[in-house]
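[1] coordinates only, no sequence provided:
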């Protein structure tokens, strides 16, 4: 259950991680992301200039993309592969929490450099928008 909650909240971040393999997408996806930009200070802190998840951030929908790794409050994911079709980036990620390993596919599109939308191609009307926290 925790992994599914994490994947729902962090699937976009995972997608961002996968996109980081492509040079132009890498710069665009790196950083800390949340569904509500007003919660950046609640979910993240900065240590040595880098974002880190706060210990009490569980329950908030946020994640950090760093290189080929995506970290959320309940799980972490690593990029397996990615592909782009038009403005849609699709990522295959290996994710794990304390008990379960799972491979997931995540699709995203950029609305702007600091705003991405995660969606399921089978149900494109269901989407989650993420905003980047200030760098």
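    Okay, I see it. Computed from a predicted model, the values in this text were never measured in an experiment.
[2] where do the helices sit along this protein?
    2-19, 23-29, 40-43 (DSSP state H).
[3] pLDDT below threshold where in the chain?
    Applying pLDDT under 70 to the chain picks out residues 1-27, 57-59, 135.
[4] ok, 80 please
    1-28, 56-60, 135 (pLDDT under 80).
[5] which residues in it form strands?
    Along the chain, the segments classed as strands by DSSP state E run 31-34, 44-47, 50-53, 62-66, 69-72, 76-85, 88-96, 101-112, 115-120, 123-132.
[6] same list, the ones you listed, but as JSON lines with mean neighbour count please.
    Placement of C-beta: from N, CA and C, glycine included. Output for the strands of the chain, formatted as JSON lines (neighbours: other C-beta atoms under 10 Å):
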{"stretch": "strand 31-34", "mean neighbour count": "25"}
{"stretch": "strand 44-47", "mean neighbour count": "15"}
{"stretch": "strand 50-53", "mean neighbour count": "17"}
{"stretch": "strand 62-66", "mean neighbour count": "25"}
{"stretch": "strand 69-72", "mean neighbour count": "24"}
{"stretch": "strand 76-85", "mean neighbour count": "16"}
{"stretch": "strand 88-96", "mean neighbour count": "20"}
{"stretch": "strand 101-112", "mean neighbour count": "17"}
{"stretch": "strand 115-120", "mean neighbour count": "18"}
{"stretch": "strand 123-132", "mean neighbour count": "14"}
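[7] sweet, I'm off.
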